[in-house]
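Okay, predicted coordinates and the sequence, questions at the end:
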Amino acid sequence: MKPICYRLALPSDVASGIVIRGQTRANAISEATLNELGITHRVPWIFSVF
């Protein structure tokens, strides 16, 4: 088995993170719905990743 290699998140990772968040089994919810609820917006996430 290959070892897990961690790295710092990049702004370009944000979109994938939101997609993965929407696919969770316990609380699956689309990016559009998260945006409507004011919970997830890509732009603030991008600027918080450094």
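Arrived safely.

how much space between the residue nearest the centre of the chain and residue 25?
Nearest to the mean C-alpha position of the chain, by Cα atoms, centre = their mean, lies residue 17 at 2.3 Å. For residue 17, the distance to residue 25 (Cβ to Cβ, to the nearest Å) stands at 17 Å. In this view, the C-beta of every residue, glycine as well, is placed from N, C-alpha and C.

Lowest mean pLDDT among the helices and strands of the protein, which one is it?
Across the helices and strands of the chain, the lowest-confidence element by mean pLDDT, DSSP states H and E is helix 42-48, at a mean of 67.

that older thread, helix, strand or coil: sort out the residue nearest to the centre of the chain for me.
helix (DSSP: H, G, I helix; E, B strand; the rest coil).

Tell me where the model's unsure across the chain.
Low-confidence segments of the chain (pLDDT under 70): 40-46, 49-50.

Now do the strands in it.
For the chain, applying DSSP state E gives no strands.

Number of residues surrounding residue 30?
When neighbours are counted by other Cβ atoms under 10 Å, residue 30 registers 14.

which residues touch it?
For residue 30, the contacting residues are residue 22, by Cβ atoms under 8 Å, 6 or more residues apart in numbering.

start at 728 instead
Sure thing, new numbering starts at 728, so read that last one as residue 757.

gap between it and residue 734?
According to Cβ to Cβ, residue 757 and residue 734 sit 27 Å apart.

burial count for residue 752?
Residue 752: 5 neighbours (other Cβ under 10 Å).

Number of residues surrounding residue 741?
By the criterion of other Cβ under 10 Å, residue 741 has 20 neighbours.
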